[in-house]
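Asks: predicted model, plus sequence, below.
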Amino acid sequence: MQDSLPRPSLEEDNVSKSIASVEGTETKTQTFESQTNPQFEHTSQILCANPLHEKLKIDVCNAQSKNEVIAYFEMPIKQIYDTDTMTIDAQTYPLKSVSAPLDKTEIILCLSLFILSPGHSSETRLSSSPQTPSATPSTSRTDTNRNNMQDSLPRSS
């Protein structure tokens, strides 16, 4: 994941990192020291059981303050599902803050949703009949009916 943002009201000697999560599953970026505009370039794949009802959340954190959230972004995964190709390419979104207003603080995201279910390709939309998610994720696309969401953030200008 990559984002470029000024850190509101934080000292420049802080360490920042980014955490992407879906329903309790997290992926973290490396930490960056002493940067007011850290850029995270990170790709992750997160399995989700029900993309129509789950949200992607990305937190930008101060790693020295027990991962205190500096800014965050949330999006329903259904928003990706509803696109024609289940992909959002290099789109800019505003970041929100829990403490101070953020001016011109954005995150650039590339998001893709891949459907993993028995007997179907990754291009297949969810069927109308409900399926029970697999208890354990598998590397084989034919052994699981869980859904896989990949987020990748390009370098911003």
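Replies: Perfect, I can see it now.
Asks: use CA for all of it now, contacts and neighbours both
Replies: Will do.
Asks: now stretch 84-94: buried residues?
Replies: Residues of stretch 84-94 classed as buried by neighbour count (16 or more other Cα atoms under 10 Å): 86-88, 90, 94.
Asks: hang on, I meant stretch 70-87
Replies: The neighbour-count check on stretch 70-87 (16+ other Cα under 10 Å) flags 70-74, 77-78, 80-81, 86-87 as buried.
Asks: with only the CA atoms kept, save that stretch in CSV.
Replies: Taking C-alpha atoms only, stretch 70-87 is exported to CSV below (Å, rounded to 0.1, in the frame of the first residue of the first chain):
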residue,chain,number,x,y,z
ILE,A,70,-3.1,9.4,12.6
ALA,A,71,-5.5,9.0,9.6
TYR,A,72,-7.7,6.4,8.2
PHE,A,73,-9.8,5.3,5.1
GLU,A,74,-12.8,3.0,4.9
MET,A,75,-14.6,1.6,2.0
PRO,A,76,-17.3,-1.1,1.7
ILE,A,77,-15.9,-4.0,-0.4
LYS,A,78,-19.2,-4.1,-2.2
GLN,A,79,-18.1,-0.8,-3.9
ILE,A,80,-15.3,-2.7,-5.6
TYR,A,81,-17.7,-5.6,-6.4
ASP,A,82,-20.2,-3.3,-8.0
THR,A,83,-17.7,-2.0,-10.7
ASP,A,84,-17.8,-3.7,-14.1
THR,A,85,-14.4,-5.3,-13.7
MET,A,86,-14.3,-5.6,-9.9
THR,A,87,-11.3,-3.3,-10.1
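Asks: average pLDDT for the helix or strand hosting residue 108?
Replies: Using DSSP states H and E, residue 108 sits within strand 106-115. Regarding strand 106-115, the rounded mean pLDDT is 89.
Asks: for that strand, name the packing helices and strands.
Replies: Judged by 3 or more Cα pairs under 8 Å, 6 or more residues apart in numbering; DSSP states H and E, strand 106-115 is in contact with strand 3-4, helix 77-81, strand 87-94, strand 147-152.
Asks: lowest-confidence stretch among the ones you listed?
Replies: Per-stretch mean pLDDT for the helices and strands packed on strand 106-115 is lowest at strand 3-4 (a mean of 41).
Asks: below-threshold pLDDT in this structure: ranges please.
Replies: Under the criterion pLDDT under 70, the flagged ranges of the chain are 1-14, 34-36, 38, 118-157.
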